[in-house]
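> Have a look at this prediction, sequence included:
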Amino acid sequence: MTKRYYGWDNMLALGYAAEQLFVASQLLTSDTVALPKGVEAVCEQHLGNLLRYEQLLPATLSSSIRECRQECRSLARAGAYTTASAEKVATHLRQLLEQVRNVLAALAGEHGSEDRPVDRQAA
């Protein structure tokens, strides 16, 4: 079991991840952005930004985010972003974003004034 210690610099990075999470969630639920465009933006911009901090997330979650991003890229290359495919990917994205939210909430609740170990194997 791998333990990581989060200092304040890592907590600030996770705060940035939370911002990415918020914007991504907005894109997936917006009435003003077509779902295929919102999904594409989330996959390319916001998942990519979350992956900049993947070492701070549980390994299984980081892997799932990378796999989803690859699926998005495959759809984009094939020109297959239909409303139906976007809805399927959006559902998966919302699940991933919820998992990231849960990790951030747990860290916010557990992190005090000193560094604390975090289990990278936990999802």
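Nice, thanks for sending it over.
> Longest helix in the chain, by number of residues?
Counting by DSSP state H, the longest helix found in the chain is helix 83-110.
> What are the buried residues along that helix?
85-86, 89-90, 93, 96-97, 99-100, 103-104, 107 (16 or more other CB atoms under 10 Å). C-beta coordinates here come from the backbone N, C-alpha and C atoms, glycine included.
> Ok, stretch 72-81 next?
Residues of stretch 72-81 classed as buried by neighbour count (16+ other CB under 10 Å): 72, 75, 81.
> Just the pLDDT at the closest residue to the last one other than its chain neighbours, thanks.
Take Y81 and drop its neighbours on the chain: the residue closest to it by CB to CB, 6 or more residues apart in numbering is P36, 4.1 Å away. In the prediction, the pLDDT value recorded for P36 is 86.
> now R77
86.
> Run through who's touching the helix or strand in which it is found.
Under the criterion of DSSP states H and E, R77 resides in helix 59-78. Here helix 59-78 makes contact (CB atoms under 8 Å, 6 or more residues apart in numbering) with 2, 39-40, 43-44, 47-48, 50-51, 54-55, 57, 81, 85, 89, 92-93, 96, 99-100, 103, 120-121, 123.
> Same question for stretch 90-102.
Contacts for stretch 90-102 (CB under 8 Å, 6+ apart): 17-18, 21, 24-25, 28, 35, 38-39, 42-43, 47, 50, 57, 61, 64-65, 68, 71, 123.
> Also stretch 13-27?
Looking at what lies outside stretch 13-27 - CB under 8 Å, 6+ apart - the contacts are 6, 33, 38-39, 41-42, 46-47, 49-50, 53, 56, 93-94, 97, 100-101, 104, 107.
> ok, 7 Å please
Residues outside stretch 13-27 that contact it (CB atoms under 7 Å, 6 or more residues apart in numbering) are 33, 38, 41-42, 46, 49-50, 53, 56, 97, 100-101, 104, 107.
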